[in-house]
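> for reference, the sequence and a predicted model appear below.
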Amino acid sequence: MIEVVSDLPRTSSRRAARLAGLPLGIAGRAAGSLGRRALGRGEGDLTEELADQAAEQVFAVLGELKGGAMKVGQALSVFEAGMPEKYAGPFREALTKLQAGAPPLPPAEVEKVLDTQLGLRWRERFAEFDGAAAAAASIGQVHRAVWADGREVAVKVQYPGADEALRSDLRQLRRLSPFLRPLAPGTDVRGVIDELYNSAVAELDYRGEADTQRVFAAAFRDDPQIRVPAVLASAPKVLVTEWADGRTLGQIAAVGTREERNRAGELLAEFQFCSPTRVHMMHGDPHPGNFLLADDGRMVVLDFGASLPLPEGMPDVLSSMMRLALAGEADELLALMTRAGYVGRNGMDPGDAMAFLDPFIEPMRHPEFHFDRAWLQGIVAVYGDFSGREFRTSRSFTLPREYALIHRVLSASVGMLCQLEATAPYREIVHRWMPEIFPDGV
């Protein structure tokens with residue numbers, strides 16, 4: 001959400017200055033560490049200390065910013081379950097600041113946007129319209145209304161100037177990727193931010209989001225498990241959809257019963273793995289606020305601004321990698337990863353390839369799998385060990401751009417499952433939609 005909508009140039013400059021100053025401040029601390037090394041401090045100790053200091057400074061600045069900072073915060077929030085506990089608490093606090101409290105767009109400004117986007121007679125299309133924002137996001141706010149035919153609707157209105165503010169924030173945040181990496185070791189944070197930049201630019205035109213949501217809504221019409229609200233109207237800066245009630249996965253994770261957490265986890269996994277086959281697309285903005293558990297037991301999916309077309313379903317390279325890893329075919333797996341561009345110039349051996357991928361396919365090895373923070377933190381701890389083999393492997397691992405969004409979505413889904421601490425028939429769900437990856441059947 002933009003800090004002060006009426007004065008975007010000034011606030012954008014202030015945001016840029018705060019973001020641009022981060023690498024300089026962290027670099028200064030790194031220079032200071034050279035003197036401590038001369039006094040006998042170990043390099044590993046200093047690396048961890050610098051990671052702590054960098055995280056502290058990043059949290060402080062992210063907590064004051066909106067726009068692109070919120071986008072990055074939302075994208076990384078799903079990995080919070082795997083963060084070392086000393087980072088997880090401050091990260092949650094910074095994210096809470098990002099999501100709360102900035103002044104909403106005044107009703108008069110909202111009406112100006114609607115006048116330009118839906119025409120001066122837009123009020124005739126509504127039976128009721130609430131000028132007070134019901135919810136806020138990174139580049140817009142949502143209003144509750146009643147369509148002329150009596151349906152309750154959500155009206156998403158983009159902040160004036162949000163487009164340039166978002167681009168500016170994400171350009172600056174690209175520079176922070178080396179300092180964000182200790183928060184989620186083994187994660188290609190620069191790749192996440194680069195991919196976010198590309199997808200965020202597409203999200204700025206709500207017409208594209210409307211087109212994608214219409215495709216998903218048609219694919220899941222009358223589905224007993226998944227609901228996608230229908231689109232009623234769209235313009236570049238305004239989107240009108242059916243209203244949806246429910247509790248976010250964040251709320252379910254915090255106060256839901258075990259049955260609710262398990263149900264939410266199962267539906268989340270079902271949606272992510274069925275979409276490439278049923279819709280030939282993948283929802284590309286996976287964070288807990290975009291998924292609701294409704295009172296009727298269905299999962300409501302929101303926000304289709306970022307998506308990835310998959311006309312042939314899940315790419316053969318990814319399904320083959322999962323098949324080889326499940327079968328323990330390490331040599332073949334490494335050869336495939338090398339051909340597909342996953343192995344950097346430092347190279348890796350077959351054992352490294354299996355070690356890097358095995359934790360992420362472990363849930364597929366069991367009829368039911370319990371996702372929890374301890375399991376994910378154990379994986380992250382291994383990749384965060386600055387002297388460990390897996391950390392060296394993670395530095396040799398590269399992520400081809402064409403698969404970046406798929407990896408982020410699947411990894412984020414696992415992060416949300418761990419936040420939910422859900423037990424789900426993960427293997428059965430994956431087998432239903434990707435039977436080719438299981439060498440011996442389900």
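Yep, that arrived.
> outside of stretch 330-350 itself, list whatever touches it.
Outside stretch 330-350, the residues within contact range by Cβ atoms under 8 Å, 6 or more residues apart in numbering are 317, 320-321, 324-325, 351-354, 356-357, 393, 395-400. No exception for glycine: its C-beta is placed from N, CA and C like everyone else's.
> report the buried residues of that stretch.
Taking 16 or more other Cβ atoms under 10 Å as the neighbour-count basis, stretch 330-350 is seen to contain the buried residues 330, 332-334, 336-337, 340, 342-343, 348.
> quick one: end-to-end length of that stretch, please.
Using Cα to Cα, to the nearest Å, one end of stretch 330-350 lies 5 Å from the other.
> now swap in stretch 231-248 and tell me
Terminal residues of stretch 231-248 lie 21 Å apart, using Cα to Cα.
> contacts for it?
113-114, 116-118, 125, 140, 144-145, 147, 151-158, 205-207, 209-210, 213-214, 217, 227, 229-230, 256, 288-289, 291-295, 300, 302.
> these in helices, which ones?
Judged by DSSP state H, helices contain the following of these: 113-114, 116-118, 206-207, 209-210, 213-214, 217.
> which among those residues count as buried?
113-114, 117-118, 206, 209-210, 213-214, 217.
> what two of those are the furthest from one another?
Spanning the widest gap among these are 113 and 217, at 24.3 Å by Cβ to Cβ.
> break this structure into its domains for me.
Under the assignment named as automatic domain parsing, the residue ranges that make up the domains of the chain are 5-102+163-201, 107-158+205-242, 246-442.
> so what's residue 324 up against?
330, 332-333, 336.
> ugh, typo on my part, it should be residue 317
With contacts taken as Cβ under 8 Å, 6+ apart, residue 317 has the following neighbours: 336, 340, 403.
> same question, residue 225
267, 270, 298-299.
> before we move on, what about residue 146?
Shown here is residue 146, whose contacts under the criterion Cβ under 8 Å, 6+ apart are 126-129, 152-153.
> any chance of TSV for these, columns distance to residue 251?
Compiled in TSV, the contacts of residue 146 are given as follows (distance: Cβ to Cβ, whole Å):
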residue	distance to residue 251
126	29
127	30
128	27
129	27
152	20
153	22
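> just name the closest of the contacts of residue 317 to residue 283, please.
Distance ranking of those against residue 283, using Cβ to Cβ, places residue 403 first at 15.9 Å.
> tell me the contacts of the closest one?
Contact criterion Cβ under 8 Å, 6+ apart gives 315, 317-318 as the residues in contact with residue 403.
> rerun that using 10 Å as the cut-off
For residue 403, the set of contacting residues under the criterion of Cβ atoms under 10 Å, 6 or more residues apart in numbering consists of 191, 308, 315, 317-318, 321, 340-342.
> now the contacts of residue 324 as a markdown table including distance to residue 436 and secondary structure?
A markdown table is the format used below for the contacts of residue 324 (distance: Cβ to Cβ, whole Å; DSSP: H, G, I helix; E, B strand; the rest coil):
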| residue | distance to residue 436 | secondary structure |
| --- | --- | --- |
| 330 | 19 | helix |
| 332 | 15 | helix |
| 333 | 16 | helix |
| 336 | 14 | helix |
